[in-house]
Each structure stands twice: as C-alpha cells, then as structure tokens.
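Asker: coords please:
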Amino acid sequence: MAHKKPATAPYDIETMPPGIPYIVGNEAAERFSFYGMKAILMIFMTEYLLGSTGELAPMTEPQAKEVMHTFGSAVYFFPLIGAIVSDWLFGKYNMIIWLSLVYCVGHAVMALVDLPQLTGLDPEMTLYIALGLIAIGSGGIKPCVSAHVGDQFGKRNQHLLTRVFQWFYFSINLGSTISTLLVPYLLRAYGPAVAFGVPGVLMALATFVFWMGRHRFVHIPPAGSSFFRETFSRDGMRALLNLTPLYIFIAMFWALFDQTASAWVLQAKEMDRVVLGQEILPDQLQAINPILVMLFIPLFSYVIYPFMGKFFEVTPLKKIGMGLFLTIAAFALPAWIEMRIAAGETPHIIWQFWSYALITAAEIMVSITGLEFSYTQAPKRMKSFVMGFYLLSVSLGNIFVAAVNHFIQDENGQSTLSNVEYYWFFTGCMAVTAVLYVIFSQFYRGNTYIQDEELAADAGVIHAKAEDEGTTGT
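Answerer: Numbers count the residues shown, from 1 in each chain. This next block holds a predicted model:
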C-alpha cells in the first residue's frame, strides 16, 4: 500500500503528535552512542592506541588533550552549519537522516581503529577520520532535531511541548549516565573494538528508529533563498553584536568544563578510587555530572534562586557572573589535588566529587542561563540561528584548550608545564575572565524579544538546555 505524502503543517489535534515517540527514541539512543564513545576516548588515546605495525603507541597526555578538545570544538562548530543548510536547502528530516548515516559511518570507523590489520591504515589516522565524521554527524543534527520537535506541534497541542522535553531531558541524562558507566567497563573487559562498537550499534538503532517515523512526522519544507533575508535582519545583526562579547566570556567556562572529560580523567587515574570496597574506573566518574544535574536543576529553581532573590534581583547576567566565579573554585580544587599528588600522596576520589559538584552548579548558572538569555535577546527569525551561534562558545573554549596543549608540548610531545602549573594556569585564566565579565555586564545593553507563537524556536532553546543539562555539553 502506498503511503500518502507526509504532512507539511502540524496536525490539528490536541493529543501528542504521532512522530514524537520516534524522535525521543532516536535521541536517547544517539546520546548513548555519543557519550559512550566520548567517555573512553581519553583513556583509549593514552593507553590503548596502536602504531601502524600493531605495536602499542599511545599519545602523550598533551597530545591526547589536543585531539580531544579539537574534536570537541568541531562538534560544536557544525550545529551552526547544520541549522543554515537544513533551513535553506534540505529540510530538517533529510538533514537528520543523511547526517545520521555519516554519524554511523564514523562510529564504524572508530570500531576499526584498533584493527590496523583490517583497515591497512595507521590507527591514528583512522582515529582522526572517525572523529571527523562523528563531529559532522553529531554537530550537524543538533539544531535540526530541536526544531523538528517544534515542527510537530500546532496551537491546539502546544501545551504538551513541556512534557515532551521532560522526556527528552530524562532520556538524555539516562543515556549519558548508563553509557558512561558501561562503556569504560567494556573497554577494559573486551577491548576497544567492542567498546567503540556498542555505541555504533546504538547510533545505527537511533537512525533506524528515526527512519521508521518518517511517515508520521510533519515535514516543514526548507525556506530557500528567503531564509537569509528573514534571518539576517538589522535587529538580528545588532543582537549578534551585543551577544558576541558575552559568548567570549562563556567560552572560558567551557574551556574549563570540558576538561572533565580529559584532564580530570587523567587526574583520577592517580587517585584512590575505592568506594565502598569497589574500585571506580577513572572515566566512569564523568557520570557524576548528569546525575548531579538532575538533582541541581530543581534545587536551584525552587530553593537557591528564590533564596538569593530575598537579598538582590537575580538577573540572568548576575547568574552567569556567579557561575563564572564558581568555576574558579571548581578548577582550584583539582589544582590543590594535583599539588597533593605531586607531593607523593594519593588523595581519595571524594575530592574530585566536590570538584564535579562545583562545576555542575556553575553549569546550571552559566550554560542554562546563557541559553535562555540568548533566546530572549534574539528577534523572532534569528532564534534558531542564535542558538547555533551560542554553541560556538563551546567550540571556542575547546579551541583554546587544544591550542594551549599544542603550544606547551616539547619535541617529544611532553608538556613543558607540570600538572600543577597546568591547573593553576586555567584557574588564573578563569579568574581574569570573571573579573572582566563583571565590568562588561555593567555596560551590556540589549533588547528583549519574546514570541509565544514561535514554537520551533521554543523547542530549540528547551532542547538545547536539555542537551547541556545532560552532557559533560554540549
């Protein structure tokens, strides 16, 4: 039986759109695949990477950090490209399907990194190819999935949008937590091929689930050439100019936050990780972040912010400023831990738990607030674009970390900074950034735009929040 053409406008219904279960299922499996792969990447590069003839040839720590954060930068660069190309030329559904296939190929190549006898390629080159494909796929679909959710809703069922993103929020955090705990175990027990292969299987499942919903989705056609005229208005460009300095400050937050997946993992290797008689793997500690996020969001919303409001007006700019100063403490504590390690001690992993608590609290104040603030400062037609532009702050922060780790390497790839100096360097950078931000915030002047009818844009910011809340970020 031939299927009728997909709808090009939201269904006139009061119930949940029929395509939503497929989108949520796709998102849960995709997030499992990404965070599972990312969780073990640092340990793989520094302990398991082979040479071209099959001998063990791991990267030095600075080299691995440079690769890790270059990859992170690429992941958060491509959302802007994905948003533009999907709205301009291909439409969201087509963009998601084709980039998901690229994503799957990236995972498949990643599973072959440990098998140079099959690929005939140098494992390090295979790794770079895999990470490039995953960055294009993962980054490119981010804004498309967000807006695709909003496309499914009309005026009669828009009240269900919040419930959908509660499902998103739960599935993202659940997938992140489970994969971050499971995949490091698979790496130790079965090796890199299986450990990278399982996330690849989940990404293939995510793509299949999304394809299964193709006849149930609302397919909004691309805007064509009118996209640029509607997007880049005078008000829109003014909003970008106002927000750009803010994003530069927020970029430094991401420079520190995203090192939970690199420098903090390496530090955990040198710590006492026995908890209740069981040893925790160093890369499993990243699961602390999504767990704490689920606890901290209601805590901040219903307790901390209302309490602060009794003493002063808690504006978005003040929240971001407090978060930046909290990030200083979040990185100063690992610097102190590194001093104890350098002195020959073996600090207990509970100290890194407190570091995670501090930086997760900072994430709530900086990341979520930054997204919401960006949304209110963008004109109607600019909202999706500004969400992608905001993610460039994550990319910029990772570029900075990658550059630092590149320039501190000697001819043998070893760091010219001690680990203690490394941590204090970034702590100092954050301190300078926080002080400059306080000065900047006194002079910020912007316009607030709120459009209740812009459901797709609403979906974009809520979903972006959910992704940040469930990530070790985006």
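Asker: thought Cys104 was touching Leu205?
Answerer: No. The criterion here is CB atoms under 8 Å, and Cys104 misses it with Leu205 at 9.8 Å. From N, CA and C alone the C-beta is placed, and that goes for glycine too.
Asker: Need phi/psi at Val198.
Answerer: phi -60, psi -50 (degrees, to the nearest 10).
Asker: picking that back up, who's more crowded, Cys104 and Leu205?
Answerer: The residue with more neighbours, out of Cys104 and Leu205, is Cys104; 22 against 18, by other CB atoms under 10 Å.
Asker: Please, where are all the strands along the chain?
Answerer: 274-275, 278-279 (DSSP state E).
Asker: Tell me how far the first one lies from the chain's centre.
Answerer: Between the centre of strand 274-275 and the centre of its chain there are 28 Å (CA atoms, centre = their mean, to the nearest Å).
Asker: What mean pLDDT does that strand get?
Answerer: Here strand 274-275 scores 95 as its mean pLDDT.
Asker: Can you give the strand pairings for that strand, parallel or anti for each?
Answerer: Partners of strand 274-275 in the sheet, by DSSP bridges, are strand 278-279 (antiparallel).
Asker: Off-centre distance for the partner strand?
Answerer: Distance, centroid of strand 278-279 to centroid of chain: 28 Å (CA atoms, centre = their mean).
Asker: pLDDT on that strand, on average?
Answerer: Averaging pLDDT residue by residue across strand 278-279 gives 94.
Asker: what sits up against it?
Answerer: Arg273 (CB atoms under 8 Å, 6 or more residues apart in numbering).
Asker: Could you do stretch 76-87 as well?
Answerer: So stretch 76-87 is contacted by 92, 94-95, 99, 135-136, 138-144, 147, 222-223, 227, 231, 384-385, 387-389, 391-392, 394-395, 398, 473-474 (CB under 8 Å, 6+ apart).
Asker: want to throw the strands of the chain into JSON lines with mean neighbour count and distance to Gly72?
Answerer: Output for these, formatted as JSON lines (neighbours: other CB atoms under 10 Å; distance: least, CB to CB, whole Å):
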{"stretch": "strand 274-275", "mean neighbour count": "12", "distance to Gly72": "28"}
{"stretch": "strand 278-279", "mean neighbour count": "9", "distance to Gly72": "28"}
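Asker: Tell me which of these sits nearest to Met125.
Answerer: In terms of CB to CB, the element of the strands of the chain nearest to Met125 is strand 278-279, at 34.2 Å.
Asker: and Met110, what does it touch?
Answerer: 37, 127, 130-131, 134, 196, 200.
Asker: For Met212, which of the strands of the chain is the nearest?
Answerer: It's strand 278-279; of the strands of the chain, that one is closest to Met212 (CB to CB) at 39.5 Å.
Asker: okay, and the helix or strand of this structure with the least pLDDT?
Answerer: helix 455-469 (a mean of 47; mean pLDDT, DSSP states H and E).
Asker: picking that back up, now, the most widely separated pair of the contacts of Met110?
Answerer: Leu127 and Gly200 (14.3 Å).
Asker: out of the contacts of Met110, which one sits closest to Glu61?
Answerer: For the contacts of Met110, the nearest to Glu61 is Leu127 (16.1 Å; CB to CB).
Asker: Show the pLDDT at that closest one.
Answerer: So Leu127 comes in at 97 (pLDDT).
Asker: repeat for Ala343
Answerer: Residue-level pLDDT assigned to Ala343 equals 97.
Asker: what about it, neighbour count?
Answerer: Ala343, neighbours per other CB under 10 Å, totals 9.
Asker: Distance to Gly323 for the strands of the chain - can I get that in JSON lines?
Answerer: Below are the strands of the chain laid out as JSON lines (distance: least, CB to CB, whole Å):
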{"stretch": "strand 274-275", "distance to Gly323": "28"}
{"stretch": "strand 278-279", "distance to Gly323": "33"}
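Asker: of all the ones you listed, which lies closest to Pro290?
Answerer: strand 274-275 (18.1 Å).
Asker: residues in contact with that closest one?
Answerer: 280, 349-350.
Asker: Show me the helices in the stretch 251-400 of the chain, by range?
Answerer: Shown for the stretch 251-400 of the chain, the helices assigned by DSSP state H, counting those that start in this stretch span residues 263-268, 288-299, 305-309, 316-342, 350-363, 369-377, 383-407.
Asker: helices and strands around the longest one, which ones?
Answerer: Under the contact criterion of 3 or more CB pairs under 8 Å, 6 or more residues apart in numbering; DSSP states H and E, helix 316-342 touches helix 234-257, helix 263-268, helix 350-363, helix 369-377, helix 419-443.
Asker: among those helices, which gets the worst mean confidence?
Answerer: helix 369-377 (a mean of 80).
Asker: could you give the angle of that helix to helix 383-407?
Answerer: 140 degrees (axes from the mean of the first three to the mean of the last three CA atoms, to 10 degrees).
Asker: and Ser415, how many neighbours?
Answerer: 18.
Asker: Any idea what it is bridged to?
Answerer: Going by DSSP bridges, Ser415 forms beta bridges with Gln409.
Asker: contacting residues around it?
Answerer: Ser415 neighbours (CB under 8 Å, 6+ apart): 60-62, 405, 408-409, 422.
Asker: distance of it from Glu27?
Answerer: Applying CB to CB, to the nearest Å, the value for Ser415 to Glu27 is 38 Å.
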